[in-house]
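1. based on what follows, work out the 3D shape:
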Amino acid sequence: MKKQTKAYICALITVGLWSTIATASKLTLRYLSPAELLLYAAVVSCVVLFSVIAAQKKLGNLTRLTRRDWSTSIQFGLLNPFLYYLILFQAYDLLPAQQAQIINYTWAITLSLLSIPLLGQRVAGMQWLAIGVSYAGVLVIATRGDVLSMNFENPFGVGLALLSTVIWALYWILNTRDKRDPVVGLFLNFICALPCVAVYVVWTEGIRPIAFAGLAGAAYIGFFEMGVAFVLWLMALKMTDNTAKIANLIFIAPFASLFFIHFLVGEEIHESTLVGLVLVLGGLAIQSFSREKVPVASLPGD
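-> The predicted model follows:
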């Protein structure tokens, strides 16, 4: 089998996994709070990532860590997974899954905006069009198509979903300067964030008995979303001879996600959601194919 074929297989499996996460999150939040979901999913993710590191024979990297490595891991861990997933899961808890997952896809547009003050890049021309089109899609989704009334179904939930894109974009801007091995780095981020998540759960909610369905959902998210999908995506990028072709496969995920949301969560998919999704993806497509595009991280959002 050719390397490019293997790259497509890894990428398509990853996209398939990503397309189930909105549904898994919404279903699991019926049994767990956002903080509890993050805690149990992060534990599973740590086990998965450690297993991958062991399989790749990179355990030696964990014995040669400097004080700077630990400092970087703590800072990154506070952004992702702690703040990012805590806010994202809260958004899923407050909003219909179809709204939260599509708004989350605007993180690449947010990255363009953050690149202005943080990277000193100029954003002009087609980039501004991409930003305008994508956020118009968010407006259509958040108001269920009644844009002129500006009547948001859940303003706080929409705000959290948008805030999650800011945190994710900020994380990937900082991640471009990270010299650690990607899998080792992500494992360290999760390990350093885990005590913070545990303290937060105990402080705000305490430890309580959890239904098996809740633990199963958290395990699914930790295993696939926070672990396997990341590794498979890295493998796809390493094996491909055309990164753009692989990256463009992510446009499949939100449509597949709506399918699962409808049939498994039971949400009626509104026309405004489809219109908004087309606008959001249209903006991302403009950004992707624009000559003035801002470089973005290789891993898309949830």
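2. identify the residues contacting the residue lying closest to K26 once chain neighbours are set aside.
-> Counting by C-beta to C-beta, 6 or more residues apart in numbering, K26 lies nearest to A97, which is 4.2 Å off, once chain neighbours are set aside. The way it works is simple: take the backbone N, C-alpha and C, and place the C-beta from them, glycine included. By C-beta atoms under 8 Å, 6 or more residues apart in numbering, the contact list for A97 reads A22, T23, S25, K26, I261, V265, E267.
3. do you know how far A97 is from T273?
-> With distances taken as C-beta to C-beta, to the nearest Å, A97 is found 10 Å from T273.
4. low-confidence ranges in the stretch 201-302 of the chain?
-> For the stretch 201-302 of the chain, the stretches flagged by pLDDT under 70 are 290-302.
5. tell me where it has helices.
-> Using DSSP state H, counting those that start in this stretch, the helices found in the stretch 201-302 of the chain span residues 212-220, 229-239, 243-247, 253-260, 271-289.
6. rewinding a little: make a PyMOL selection of whichever of the contacts of A97 turn out to be buried.
-> Per 16 or more other C-beta atoms under 10 Å, the buried members of the contacts of A97 correspond to this PyMOL selection:
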select buried, resi 22+23+25+26+261+265+267
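7. reformat the contacts of A97 as TSV; add distance to A218.
-> TSV is the format used below for the contacts of A97 (distance: C-beta to C-beta, whole Å):
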residue	distance to A218
A22	15
T23	14
S25	10
K26	13
I261	19
V265	17
E267	21
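8. what's the most distant pair in the contacts of A97?
-> Of all pairs drawn from the contacts of A97, the greatest distance, 12.8 Å, lies between S25 and E267 (C-beta to C-beta).
9. thinking again about what came up before, L160 is nearest to which of the helices of the stretch 201-302 of the chain?
-> Smallest distance to L160 across those (C-beta to C-beta): 17.3 Å, for helix 271-289.
10. who's in contact with that closest one?
-> 98-99, 102, 105-106, 108-109, 112, 126-127, 129-141, 143-145, 244, 247-248, 251, 254-255, 258, 293-294.
11. can you flag the buried ones in those residues?
-> Listed as buried from the contacts of helix 271-289 are 98-99, 102, 105-106, 108-109, 112, 127, 130-131, 133-141, 143-145, 247, 254, 258, 293-294; burial here means 16+ other C-beta under 10 Å.
12. which of these fall in helices?
-> Cross-referencing the buried ones among the contacts of helix 271-289 against helices under DSSP state H gives 98-99, 102, 108-109, 112, 127, 130-131, 133-141, 247, 254, 258.
13. was I right to think A42 contacts C192?
-> No. Shown here, A42 and C192 do not form a contact pair, counting by C-beta atoms under 8 Å, at 10.7 Å.
14. how much space between R68 and V265?
-> R68 sits 43 Å away from V265, going by C-beta to C-beta.
15. please report phi then psi for T176.
-> phi -70, psi -20 (degrees, to the nearest 10).
16. picking that back up, which one of A42 and C192 has more residues nearby?
-> Higher neighbour count among A42 and C192: A42, with 26 against 20, using other C-beta atoms under 10 Å.
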